[in-house]
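Chemist: whatever this is, show me its structure:
(chains A and B)
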Amino acid sequence: MATVEARGVSKSYQGRTVLASLDLDMGEAELICLLGPSGCGKTTLLRIIAGFITPDTGTVHVGGRDVTALPPAARKMGMVFQAYSLFPNMTALDNVRFGPRVAGQAKTEQVKRAGELLDLVGLAQHRDKYPHQMSGGQQQRVALARALAVRPDVLLLDEPLSALDAKVRLQLREEIRRIQRETKVTTVLVTHDQEEALSISDRVAVMNGGKLLQVATPSVIYRQPADAFVARFIGLAGILPGVAEGAAVRMSNGTILPADAAVAHQSGRSVEMFLRPEHVRLQRMNGHVPPGALAADVQEATFLGSLTRVRLRLPELPDHAGLWADMPSEHAADFAPGQRVTAHWHETSPHVIAVEAAQAS
Amino acid sequence: MRRFGLAGWTVLGLAGLYFIVPLLMTVSFSLWQGHGNYGFDAYRSLLARPNLLPSLIVSIELGLATCAAIVLLLAPAMIFMHLYAPKLRPVFEFIAALPFVVPAIALVAGLSVLFTGPDWLIGTPFYLTIPYFFLALPYAYRAIDVGIRAIDLTTLTEAGQSLGASLGQIIRMVVLPSLRPALIGSMLLSFAVVMGEFTFANVLLFHTFAVLINEVGQNAPTEAAALSTLSFLITWGAMLGVLMVGRGNAQLGGAR
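Modeler: Residues are numbered from 1 along each chain as shown, chains lettered A, B, ... in the order given. Purely as a prediction, here's the structure:
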């Protein structure tokens, strides 16, 4: 295990900036997810850390050692790729002992180490199988064992679960976390799946347009997104545009909605109020809208098992305003599409972000 | 599975006849001894010819030399092209297709003018390895290209590098063994091409197996038919090898 520090890393291709002077620090034994939409630069950053791409500017330090100029083979990193990358001419055991073998370890040590790691990933009984005899999930497990066999300072995982079906993906994701905790290897996982990122990371680094927008724990990313992009990208959020007024936000129809006291320092500015579906409460309309609530129409109700997710249209507000509300499914019958309702929430629930910041991202 | 209907069997039968009848006639003619008698006289007199074995050995040697050139020159060039210069792929495709476009007689005319060099090269049949390499290029290129595409060369190379291996180690331990079926396929195809090549050898005055067949055919037609049958068997042996190796190739890559 080792720390990883990327400082001022940038990369452009034919005038197009893929990474823009980016800084990222990782602690020892930390699992950090690079999360973002396609083309945001997350894989480029991972490949720069791995040594497959040379940055235009900036440095990469691993355990305090500058590895920027080192080739991939000299960086002591293990990598699992999105595509199945097991050597097709080798059995699972030979794949796993490849790293120790090229490092010149004694054969007995190679086999012992490979056997231990196949045991760790639950494939000890498949050691003599060739890749074409294994499922995709098994191949990625072997690839993980192979990457760990070199006792890497850093483990790099480039969307290793994206080619797998949902059930295997969930299972393997939990195994990756268990193995990472057991081996205590500093790990970078690239993914565009926010659920995957939030569920297994110590910290999530949200990227967009070649920039790191926020690096924080999953709960902070979800509850206190740094900007409008993060708020929109992570989870589902209702958006209410307005103007900050003290510790509240005035909507375009004059409704004053309560917000956190911290909004006060943005008083007078155009803002967007983000509300998670689990924070929004609904009541059937009984003739009047109480202060701090909004009138809404149920547009759609989606059954999700124990929960039903209700999509709300806000007729008195601009078109891009909207809300979502989650409710126990046993109460969902009261909120069928077309039902007129009032929506309200606790004043600390909304997250308010200035519109300039929202537009900038 | 859909049933193979009467029309399918008819087409298959006609195609089979188209291929098998000339071959049967050749075998039959090679066994003909005149006046309605059949036997192995043509094969016996053929084996008694002093120039049979030397010409067969020359052709086999040329086949092996061409295979060596394919493995030592073409395969590494294609691996490096796929890894480091994928934009050159159309150039490779164009060069590999050239022998199909330029008639053999035009090639040999050009080559006889261009090739000059020391006696040890142009004075021996191994001189033919150079044109034979180009003659076999379309087949060998295609076979190796399919093999390389089947194994995701870039990802395998990067995986090897991330595990601490040098490029040489990766090519030796991973790439070449993974490409073995494709390489064997390309070599067998090249070997079959060389065994049957006549124009270059005849014009450049080298006595290969194909030249011998033509020579024998001038004055002993039944022996020529016997030689053709032998040539068929050698070529088919090579093709059978390609098919058997191809079955191994189908198992590389992908998940179960």
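Chemist: from now on I want contacts and neighbour counts done on CA atoms only, so please keep to that.
Modeler: Noted.
Chemist: A:Ala296 reaches A:Val310, doesn't it?
Modeler: No - applying CA atoms under 8 Å as the test, A:Ala296 and A:Val310 come out as separate, 11.1 Å apart.
Chemist: need the residues touching each of those two.
Modeler: Counting by CA atoms under 8 Å, 6 or more residues apart in numbering or on different chains, A:Ala296 and A:Val310 have no shared contacts at all.
Chemist: might you report the residue contacts of the closest residue to chain B within chain A?
Modeler: Residue of chain A nearest chain B, by CA to the nearest CA: A:Ala73 (3.9 Å). Neighbouring residues of A:Ala73 by CA under 8 Å, 6+ apart: B:161-166.
Chemist: reformat those residues as a markdown table; add secondary structure, neighbour count and pLDDT.
Modeler: Below are the contacts of A:Ala73 laid out as a markdown table (DSSP: H, G, I helix; E, B strand; the rest coil; neighbours: other CA atoms under 10 Å in any protein chain shown; pLDDT from 0 to 100):
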| residue | secondary structure | neighbour count | pLDDT |
| --- | --- | --- | --- |
| B:Gln161 | helix | 26 | 94 |
| B:Ser162 | helix | 28 | 93 |
| B:Leu163 | coil | 32 | 94 |
| B:Gly164 | coil | 26 | 92 |
| B:Ala165 | coil | 24 | 94 |
| B:Ser166 | coil | 18 | 92 |
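Chemist: ok, so of those, who is nearest B:Pro54?
Modeler: B:Ser166 (44.6 Å; CA to CA).
Chemist: which residue packs closest to the closest one, ignoring adjacent ones?
Modeler: Of all residues not flanking B:Ser166 in the chain, A:Ala73 sits nearest, at 7.0 Å (CA to CA, 6 or more residues apart in numbering or on different chains).
Chemist: just the pLDDT for the one you found.
Modeler: Note for A:Ala73: predicted pLDDT of 91.
Chemist: and the one 10 residues further on, by the same measure?
Modeler: Among the per-residue scores, A:Ala83 shows a pLDDT of 86.
Chemist: and the closest residue to B:Leu183 other than its chain neighbours, what is it in contact with?
Modeler: Distance criterion CA to CA, 6+ apart; nearest residue to B:Leu183, sequence neighbours excluded, is B:Ile144 at 6.1 Å. Residues counted as contacts of B:Ile144 (CA under 8 Å, 6+ apart) are B:75, B:78, B:179, B:182-183, B:186.
Chemist: ok, those vs chain A, which is closest?
Modeler: The shortest approach to chain A among those belongs to B:Leu179, at 9.1 Å (CA to the nearest CA).
Chemist: ok, the closest one to B:Met78 distance?
Modeler: B:Leu179 is 12 Å from B:Met78, where distance means CA to CA, to the nearest Å.
Chemist: look at these two and report which has more neighbours.
Modeler: Neighbour count, other CA atoms under 10 Å in any protein chain shown: between B:Leu179 and B:Met78, B:Leu179 has more, with 27 against 20.
Chemist: chain neighbours aside, what residue packs nearest to that one?
Modeler: B:Gly147 (5.8 Å).
Chemist: just give me the neighbour total for the one you found.
Modeler: B:Gly147: 24 neighbours (other CA under 10 Å).
Chemist: quick one: secondary structure of it?
Modeler: Under DSSP: H, G, I helix; E, B strand; the rest coil, the three-state class of B:Gly147 is helix.
Chemist: tell me the contacts of the residue positioned nearest the centre of chain B?
Modeler: The centroid of chain B falls nearest to B:Ser190 when counting by CA atoms, centre = their mean (2.3 Å). Going by CA under 8 Å, 6+ apart, B:Ser190 touches B:63, B:66-67, B:136-137, B:139-140.
Chemist: in the stretch 1-150 of chain A, which ranges drop under the pLDDT threshold?
Modeler: Per-residue confidence of the stretch 1-150 of chain A (counting by pLDDT under 70) places the weak regions at A:1.
Chemist: up against chain B, what does it have?
Modeler: With CA under 8 Å from any CA of the partner chain as the criterion, the stretch 1-150 of chain A comes near chain B at residues A:50, A:52, A:72-81, A:83-89, A:98-99, A:102-103, A:131-136, A:139, A:147, A:150.
Chemist: from these, which would you call buried?
Modeler: A:50, A:52, A:72-81, A:83-89, A:98-99, A:102, A:131-134, A:136, A:139, A:147, A:150 (16 or more other CA atoms under 10 Å in any protein chain shown).
Chemist: from chain A, how far off is B:Pro131?
Modeler: Distance, B:Pro131 to chain A, using CA to the nearest CA, to the nearest Å: 34 Å.
Chemist: wasn't that residue part of a strand?
Modeler: No - using three-state DSSP, the assignment for B:Pro131 is helix, not a strand.
Chemist: what score does it have for pLDDT?
Modeler: The model reports B:Pro131 with a pLDDT of 86.
Chemist: check B:Gly217 too.
Modeler: 79.
Chemist: my guess is it contacts B:Glu223. True?
Modeler: Yes - the pair B:Gly217 / B:Glu223 is scored as a contact, 7.1 Å apart, by CA under 8 Å.
Chemist: who has more neighbours, those two?
Modeler: B:Glu223 (25 against 17).
Chemist: any idea how far the residue lying farthest from the centre of chain B lies from chain A?
Modeler: Relative to the centre of chain B, the most outlying C-alpha is that of B:His35, 38.9 Å out, by CA atoms, centre = their mean. Separation of B:His35 from chain A (CA to the nearest CA) stands at 59 Å.
Chemist: list the contacts for that residue?
Modeler: Taking CA under 8 Å, 6+ apart as the definition, B:His35 has no contacts.
Chemist: for it, grab phi and psi.
Modeler: When read as degrees, to the nearest 10, the backbone of B:His35 gives phi 50, psi 40.
Chemist: which helices and strands does whichever helix or strand B:Leu14 is part of pack with?
Modeler: Assigned by DSSP states H and E, B:Leu14 falls within helix B:6-31. Packing partners of helix B:6-31 (3 or more CA pairs under 8 Å, 6 or more residues apart in numbering or on different chains; DSSP states H and E): helix B:41-48, helix B:221-249.
Chemist: could you redo the last one with a cut-off of 6 Å?
Modeler: helix B:221-249 (3 or more CA pairs under 6 Å, 6 or more residues apart in numbering or on different chains; DSSP states H and E).
Chemist: report the inter-axis angle for the helix it packs on versus helix B:6-31.
Modeler: Here helix B:221-249 runs at an angle of 140 degrees relative to helix B:6-31 (axes from the mean of the first three to the mean of the last three CA atoms, to 10 degrees).
Chemist: helix B:221-249 near chain A anywhere?
Modeler: No - applying CA under 6 Å from any CA of the partner chain, one finds helix B:221-249 out of contact with chain A, separated by at least 10.5 Å.
Chemist: low-confidence ranges in the stretch 1-150 of chain B?
Modeler: Low-confidence segments of the stretch 1-150 of chain B, defined by pLDDT under 70: B:1-3, B:114-115.
Chemist: ok, which stretches of the stretch 201-350 of chain A are strands?
Modeler: A:203-208, A:211-216, A:238-245, A:248-250, A:256-258, A:270-275, A:281-284, A:294-303, A:307-313, A:323-328, A:340-344 (DSSP state E, counting those that start in this stretch).
Chemist: who are the contact partners of A:Gln110?
Modeler: A:Gln110 makes contact with A:97, A:100, according to CA atoms under 6 Å, 6 or more residues apart in numbering or on different chains.
Chemist: got the buried residues for whichever helix or strand it is part of?
Modeler: Using DSSP H and E, A:Gln110 falls within helix A:107-120. Neighbour-count burial for helix A:107-120 flags A:110-111, A:113-115, A:117-118, A:120 (criterion: 16+ other CA under 10 Å).
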